[in-house]
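Using only what follows, build the 3D model:
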Amino acid sequence: MALSAEEFRRMMRRYPAAVTVITTGQAPDRAGMTATAVMSLSMEPVQLVCAINRSTYTHERLVRHGRFCVNVLERGQIQVAKRFAGQGGMAGEARFGADDWTSAPSGVPMLKGAVLAFDCALVRSMEAGTHTLIVGEVEAGCRSGELQPLLYVDGGWAGIEPVAELG
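Here you go, the predicted structure:
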């Protein structure tokens, strides 16, 4: 028997994931969205993949611009995650107003204070269900010291705690 969409959704809520904001474009045509479906794909060439719902405002702009930045949020950036998820009703350029942004080498928005930032060129895309799998070749990256990433699990925000190895 096939797994129902509702049961799959409940199961995936228990799967912890780093919270990112994927950004594209340049002012005044910037766009961004909160996403957790991001993973490394290849080391040669250096690539990552993210899944973006085709109905989002960011999807069309990312495909059109062909460049994007994956900003891995720090555990204190919950309000950024909420705003880029559409909470508060902000869209498009308005989502960028309250934070400290700079430009990645490619010119797309990069969040100062993010744990990691991956500046990518779109090299391939593939439709999969309601989403597009976006393959980005990572052309530049930035790390912010020892900051702790923000996680999303079971419908809430979390951080990382070291676990002592047993046995």
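
mind listing the helices for the protein?
Shown for the chain, the helices assigned by DSSP state H span residues 5-13, 57-65, 78-84.

Output these in TSV, with mean pLDDT appended to each entry.
Supplementary listing: these in TSV, determined by pLDDT from 0 to 100:
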stretch	mean pLDDT
helix 5-13	93
helix 57-65	95
helix 78-84	96
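
can you redo those as JSON lines with distance to residue 96 and mean neighbour count?
C-betas here are computed from N, CA, C, even on glycine. Conversion of the helices of the chain to JSON lines gives the following (distance: least, Cβ to Cβ, whole Å; neighbours: other Cβ atoms under 10 Å):
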{"stretch": "helix 5-13", "distance to residue 96": "29", "mean neighbour count": "10"}
{"stretch": "helix 57-65", "distance to residue 96": "12", "mean neighbour count": "19"}
{"stretch": "helix 78-84", "distance to residue 96": "9", "mean neighbour count": "19"}
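
what's the closest of those to residue 129?
Evaluated over the helices of the chain, closeness to residue 129 peaks at helix 5-13, with 10.6 Å, by Cβ to Cβ.

correct me, but residue 85 touches residue 34?
Yes: if you go by Cβ atoms under 8 Å, residue 85 and residue 34 touch, sitting 4.0 Å apart.

Quick check on these two: which one has the bigger neighbour count.
Neighbours around residue 85 and residue 34, counted as other Cβ atoms under 10 Å, are more numerous at residue 34. The numbers are 21 against 15.

Next up, the contacts around the more buried one.
Residues near residue 34 by Cβ atoms under 8 Å, 6 or more residues apart in numbering: 19, 20, 21, 81, 82, 84, 85.

correct me, but the fifth one touches residue 89?
Just to be clear, that refers to residue 82. No: taking contacts as Cβ under 8 Å, residue 82 lies outside contact range of residue 89: 11.4 Å.

Okay, and the beta partners of the most centrally placed residue in the chain?
Of all residues in the chain, the one closest to the mean position by Cα atoms, centre = their mean is residue 20, 3.1 Å from it. The bridge-partner assignment for residue 20, based on DSSP bridges, gives residue 35, residue 72.

Just the pLDDT for it.
Confidence at residue 20, expressed as pLDDT, is 99.
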